[in-house]
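*Asks:* Quick one: sequence plus predicted model below, questions after.
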Amino acid sequence: MTESLNHITPGVRVQIMNIMNNELKPKLMEMGLVKGRQIEVLFRAPFGDPIAIDVNGYVLSLRLEEAALIQVESINEPVNSPS
């Protein structure tokens, strides 16, 4: 099931399925956010915005409005969630 990156819980690894057409799309792709790439949501700022994600070993900060442009599919559940 795909959903927007801005709704993903920290600790979850996801795969990028699509980036919506927007003036930010080329910039996001230049930063390594391309279809098929696996990323992990690391944490959210205290008030939820921005979020930090791991992209190929570097930390990228995205505002929620930017993250909403990225459609992802979960690969795993949060690391510290009860089984």
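*Replies:* Great, that's in hand. Numbering: from 1, shown residues only.
*Asks:* Going by C-alpha atoms from here, please, whenever you check contacts or count neighbours.
*Replies:* Will do.
*Asks:* would you list every one of the strands in the protein?
*Replies:* 2-4, 13-19, 38-44, 51-55, 58-62, 70-74 (DSSP state E).
*Asks:* can I get those in JSON lines with mean neighbour count?
*Replies:* JSON lines is the format used below for the strands of the chain (neighbours: other C-alpha atoms under 10 Å):
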{"stretch": "strand 2-4", "mean neighbour count": "16"}
{"stretch": "strand 13-19", "mean neighbour count": "20"}
{"stretch": "strand 38-44", "mean neighbour count": "20"}
{"stretch": "strand 51-55", "mean neighbour count": "20"}
{"stretch": "strand 58-62", "mean neighbour count": "15"}
{"stretch": "strand 70-74", "mean neighbour count": "22"}
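*Asks:* Relative to residue 29, which of the ones you listed is closest?
*Replies:* When those are compared by C-alpha to C-alpha, strand 13-19 sits nearest residue 29, at 8.6 Å.
*Asks:* Make JSON lines out of the strands of the chain and add distance to residue 31 and mean pLDDT.
*Replies:* Putting the strands of the chain into JSON lines (distance: least, C-alpha to C-alpha, whole Å; pLDDT from 0 to 100) gives the following:
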{"stretch": "strand 2-4", "distance to residue 31": "18", "mean pLDDT": "93"}
{"stretch": "strand 13-19", "distance to residue 31": "13", "mean pLDDT": "96"}
{"stretch": "strand 38-44", "distance to residue 31": "12", "mean pLDDT": "95"}
{"stretch": "strand 51-55", "distance to residue 31": "8", "mean pLDDT": "96"}
{"stretch": "strand 58-62", "distance to residue 31": "8", "mean pLDDT": "96"}
{"stretch": "strand 70-74", "distance to residue 31": "13", "mean pLDDT": "95"}
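*Asks:* Kindly reformat those strands as CSV containing distance to residue 28.
*Replies:* Formatted as CSV, the strands of the chain follow (distance: least, C-alpha to C-alpha, whole Å):
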stretch, distance to residue 28
strand 2-4, 14
strand 13-19, 8
strand 38-44, 13
strand 51-55, 11
strand 58-62, 10
strand 70-74, 9
